[in-house]
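Student: I'll drop the sequence and a predicted model, then ask my questions.
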Amino acid sequence: MAGATQHAHWSSRWAFIMAAVGSAVGLGNIWKFPYEAGQGGGGAFVMVYLLFVFFIGTPMLVAELSLGRRGQLSPVGTMKKIAQEEKKSHWWGLIGWSGVVGAFIVISFYSVVGGWTLAYMVKAAMGSFSGIDAATAESTFVGYISDPVMTLVSHFAFMAITIFIVAKGVQGGLEKAVTVLMPALFAILIILVIYSGFTGDFAKTIDFLFNPDFNELLYKPNTPEAIAAGAPAQRFSFDMVLQALGQSFFSLSLALGSIMTYGSYLTKDVKIGRSAVTIAAADSSVALMAGLAIFPIVFAYGLDVAGGGGLVFMSLPIAFGQMPLGIVFGTLFFGLLAVAAITSSISLLEPPVSYVEEKTGWNRRKVAITMGVAAGVLGILSAYSQGTNMLADVRIFGLNIMDAKDFLTNNIMMPLAGLFTALFVGWFVTRKSMMEELAMEDKTFRIWYFLARFVSPTAIGIIFIKLIYDTIVG
Ligand code: TRP
């Protein structure tokens, strides 16, 4: 029954900030952001990304945190309760549903990549990268993701750690884990940036990340065939801008109920606006620092900046295998990635766990194990869809299983949930109740309200229409 057990709370603002930053900082920052920036031409992508983080992402963080805190329930319970209090349709509960189901789907494959980071940490520590060339690095990675036993072991090891933390509850598990792991993460990252700065090409990195060339962002090269047929070398494309918006949402953990659930553990004395700015600033700083740690190595060793998802798992090991103290720094790097992934995956298991806990009244341990194992089993499909593994040939609308789940959540469920969340707080909840919940200064509130009411829904609406258009037109 809803509300049958007392809803848990963070013990301090610090614990909450660490947990929220832990959720936000993840594979999205250290694995995805550098390769997307690399493919998006560097500085221009970074600038657009930062604009989205502060003008769209941060107001959405505020929206989700305030809804969560006001509801004091799981995302489903919270949305239904607030809709009822505001005398609006109970269909708004669907936003909560989309979060609970979406987070369950995302953790099922997030944990697979989390497992890769654990496996690579072990490989780095055993010195498996020493002296490898590009071909060996690639065959090592493809060999590993194609191995049905190894991928399963690492995926379930990662999931087991996540379950263990979530099972211990908000104060006993989440808080304890993040207040140790997040400072450790910052420390490792700083060490890696300094090391990269000394051994790699730092000047080129600064130029690449902070000297925007907007041409790179708005035009992409035509295919050789198109050029042969008389097309110009570049064509106008909005893709990178949309990718930057999607990445800002993913990186801030928006639109899947994670932040709403963390908001529900908040006490009334915490200032939501200020916290949201801190979280967004910490999240983008980590993304930029990950860039500062990775690109000097990429440039110094002549690796491909636009190497995509393989940048971290296939390119960096070549460099770790050659550089002084490569074993130490390689292990630290993949350890960093694993820590970042774990503090995010616990926030992905939270929405389904808080919902099932609320619905069944079972104790947290039982719910965490049940939901974690279920997501783990669903994740086997994703793990086996990689490389030449057992399900690699299965295609859903032309995508392998992992990419199909990613598409469904990232391109459909998240933009829709984000859009409706913005519409809900901007147009359906009364201005007065938002003002009361946020307790902001008048001017700050007005800025937030304008962004949440007009800017966010418009921007998200545009991405969504563009995605539908692309999917239909091909
Ligand atoms: N933000 C995390 C990352 O950057 C992933 C994540 C955790 C997430 N919880 C989420 C993404 C909720 C979207 C929604 O890796």
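Tutor: That came through, no problem.

Student: need the contact list for the residue in the stretch 101-250 of the chain positioned nearest to the ligand.
Tutor: Closest contact between the stretch 101-250 of the chain and the ligand, by CB to the nearest ligand atom, is at residue 250 (4.7 Å). All C-beta atoms are positioned from the backbone trio N, CA, C, and that covers glycine. Residues counted as contacts of residue 250 (CB atoms under 8 Å, 6 or more residues apart in numbering) are 28, 32, 410, 414.

Student: just the residues you listed now: which is nearest the ligand?
Tutor: The nearest one, if we look at those relative to the ligand and count by CB to the nearest ligand atom, is residue 28, at 2.3 Å.

Student: pretty sure that closest one contacts residue 248?
Tutor: No. In terms of CB atoms under 8 Å, residue 28 does not count as a neighbour of residue 248; the distance is 9.6 Å.

Student: Give me the common contacts of the two.
Tutor: Applying CB under 8 Å, 6+ apart, one finds that no residue jointly contacts residue 28 and residue 248.

Student: Give me the more crowded residue out of these two.
Tutor: The neighbour count for residue 28 versus residue 248, taken as other CB atoms under 10 Å, is higher for residue 248 (28 against 25).

Student: Any buried residues in the helix or strand where that one lies, and which?
Tutor: Residue 248 belongs to helix 239-251 when assigned by DSSP states H and E. Of all the residues in helix 239-251, those buried under the rule 16 or more other CB atoms under 10 Å are 240-251.

Student: Just the C-alphas of it, formatted as CSV.
Tutor: Extracted C-alpha coordinates of helix 239-251, given in CSV (Å, rounded to 0.1, in the frame of the first residue of the first chain):
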residue,chain,number,x,y,z
ASP,A,239,22.1,15.9,-36.0
MET,A,240,24.9,17.0,-33.6
VAL,A,241,22.7,19.7,-32.0
LEU,A,242,20.0,17.1,-31.3
GLN,A,243,22.6,14.7,-30.1
ALA,A,244,23.9,17.3,-27.7
LEU,A,245,20.4,17.8,-26.3
GLY,A,246,19.9,14.1,-25.9
GLN,A,247,23.2,13.8,-24.2
SER,A,248,22.5,16.6,-21.8
PHE,A,249,19.3,14.8,-20.7
PHE,A,250,21.0,11.4,-20.3
SER,A,251,24.0,12.9,-18.5
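
Student: avg pLDDT for the helix or strand just after it?
Tutor: The helix or strand immediately downstream of helix 239-251 is helix 258-264, counting by DSSP H and E. For helix 258-264, mean pLDDT is 97.

Student: in helix 258-264, what's buried?
Tutor: Buried-residue list, helix 258-264, by 16+ other CB under 10 Å: 258-264.

Student: out of these, who's near the ligand?
Tutor: The overlap between these and the neighbours of the ligand (CB under 6 Å from any ligand atom) comes to residue 258.

Student: now for the buried residues of helix 258-264, which pair is the farthest apart?
Tutor: Across the buried residues of helix 258-264, the longest distance by CB to CB is 11.0 Å; it joins 258 and 264.

Student: buried stuff in stretch 186-206?
Tutor: 186, 188-189, 191-193, 195-197, 199-202, 205.

Student: ok, so what distance separates the nearest residue to residue 303 once chain neighbours are set aside from residue 123?
Tutor: Among residues not flanking residue 303 along the chain, residue 315 sits closest, at 4.2 Å (CB to CB, 6 or more residues apart in numbering). Shown here: residue 315 relative to residue 123, a distance of 15 Å by CB to CB, to the nearest Å.

Student: Around the ligand, pick out the residues from the stretch 151-300 of the chain.
Tutor: Counting by CB under 6 Å from any ligand atom, the residues of the stretch 151-300 of the chain near the ligand are 250-251, 253-254, 256, 258.

Student: run the last query once more with 8 Å
Tutor: Within the stretch 151-300 of the chain, the positions lying close to the ligand (CB under 8 Å from any ligand atom) are 249-259, 283.

Student: Make a markdown table from those residues and add distance to residue 452 to it.
Tutor: Putting these into a markdown table (distance: CB to CB, whole Å) gives the following:
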| residue | distance to residue 452 |
| --- | --- |
| 249 | 14 |
| 250 | 19 |
| 251 | 19 |
| 252 | 14 |
| 253 | 17 |
| 254 | 12 |
| 255 | 14 |
| 256 | 18 |
| 257 | 18 |
| 258 | 19 |
| 259 | 14 |
| 283 | 19 |
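
Student: And the residues you listed, which is closest to residue 182?
Tutor: The closest of these, once distances to residue 182 are taken by CB to CB, is residue 283, at 11.6 Å.

Student: residues contacting the closest one?
Tutor: Counted by CB under 8 Å, 6+ apart, residue 283 has contacts 21, 24-25, 29, 53, 251-252.

Student: Surely it is in a helix?
Tutor: Yes. According to DSSP: H, G, I helix; E, B strand; the rest coil, residue 283 belongs to a helix.

Student: residues in contact with residue 247?
Tutor: Contact analysis of residue 247 by CB under 8 Å, 6+ apart lists 28, 32-33, 36, 49.

Student: hang on, residue 16 packs against residue 269?
Tutor: No. Here residue 16 does not reach residue 269: they are 11.0 Å apart, not a contact under CB under 8 Å.

Student: When those two are compared, which one has more neighbours?
Tutor: Counted by other CB under 10 Å, residue 16 and residue 269 do not tie: residue 16 has more neighbours, with 25 against 7.

Student: For the more buried one, what is the enclosing helix or strand?
Tutor: Remark: residue 16 resides in helix 13-24, with elements defined by DSSP H and E.

Student: does any part of that helix sit near the ligand?
Tutor: Yes. Helix 13-24 lies within reach of the ligand by CB under 8 Å from any ligand atom, at 23-24.

Student: Which positions within that helix qualify as buried?
Tutor: Buried-residue list, helix 13-24, by 16+ other CB under 10 Å: 13, 15-24.

Student: Any chance of CSV for these, columns pLDDT?
Tutor: Shown next, in CSV, are those (pLDDT from 0 to 100):
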residue, pLDDT
13, 95
15, 95
16, 96
17, 97
18, 96
19, 96
20, 97
21, 97
22, 96
23, 97
24, 97
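
Student: Including distance to residue 210, could the residues you listed go into a markdown table?
Tutor: A markdown table is the format used below for the buried residues of helix 13-24 (distance: CB to CB, whole Å):
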| residue | distance to residue 210 |
| --- | --- |
| 13 | 32 |
| 15 | 33 |
| 16 | 31 |
| 17 | 27 |
| 18 | 28 |
| 19 | 30 |
| 20 | 27 |
| 21 | 23 |
| 22 | 27 |
| 23 | 27 |
| 24 | 22 |
